[in-house]
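S.K.: I need the structure of the sequence given here:
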Amino acid sequence: MSRRGFSKWRAMVVLTLPIIMGVGPCSSGPYILGRIPGGVLTGEVVAEPVDDWSFVAGAGACQVETRPEFPHSVTVGCFNDGKDLFVGCMRCEGKTWSSNVAKDSRARIKIGDKVYSVTMTRVVDRAGMQGPWLNRWRKMRGNDDAPPIPDGYWLYHLTSR
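M.R.: Next up, the predicted model:
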């Protein structure tokens, strides 16, 4: 095998090995791999509807799966505001997953090792975003000195289905 052929083979192995080993956005692998979208979320599927999402308080990052017919999953910041569940997104316009949600609001969310079926609804009213934004800031920073909601920040309210 020529040196050039060996380099191509080695590059192919290096690029496909993480996929074969299951390292990606839904794993505890390197952070940079968390930026690569995944497919179907794995974990214990919870079939019962959830009315109180307060158990999410310490979760931080969750995985959202959109586009049920050809699943696309990403790691997102999730948080609760009382019994309600939210996902925030900076510079969300044009992202694949948010575009998927605009077409079909059905999704699944993985919190810890459990997967829940949800409906995602974008909160477009700035006044409706204010309460969850302040609550999230208090949890993250421990104070009430939250900056204004940035332009380009999208908020999704998730309900169990």
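S.K.: Please spell out which residues along the host helix or strand of E65 are buried.
M.R.: In the assignment (DSSP states H and E), E65 maps to strand 61-66. For strand 61-66, the neighbour count (16 or more other CB atoms under 10 Å) marks C62, Q63, V64, E65, T66 as buried. Using the backbone N, CA and C atoms, a C-beta is placed for each residue, glycine as well.
S.K.: following the helix or strand bottoming out on mean pLDDT in the chain, which helix or strand comes up?
M.R.: In the chain, no helix or strand scores lower on mean pLDDT, DSSP states H and E than helix 3-20, which sits at a mean of 59. Moving toward the C-terminus from helix 3-20, the next helix or strand (DSSP H and E) is strand 44-46.
S.K.: ok, what's across the strand from the residue most central in space within the chain?
M.R.: For the chain, V76 is the residue whose C-alpha lies nearest the centre (CA atoms, centre = their mean; 2.9 Å). Bridge pairing for V76 (DSSP bridges) gives the partners C62.
S.K.: ok, now which ones touch it?
M.R.: A61, C62, Q63, V64, V87, G88, C89, W97 (CB atoms under 8 Å, 6 or more residues apart in numbering).
S.K.: Verify the contact between the second one and L85 for me.
M.R.: It refers to C62. No: contact status for C62 versus L85: not in contact, 9.0 Å apart, counting by CB atoms under 8 Å.
S.K.: Based on its surroundings, how many neighbours for D51?
M.R.: By other CB atoms under 10 Å, the residues close to D51 number 8.
S.K.: Report the secondary structure element holding it.
M.R.: Using DSSP H and E, no helix or strand contains D51.
S.K.: Quick check: closest non-adjacent residue to it.
M.R.: Closest residue to D51 apart from its sequence neighbours, by CB to CB, 6 or more residues apart in numbering: K83 at 6.7 Å.
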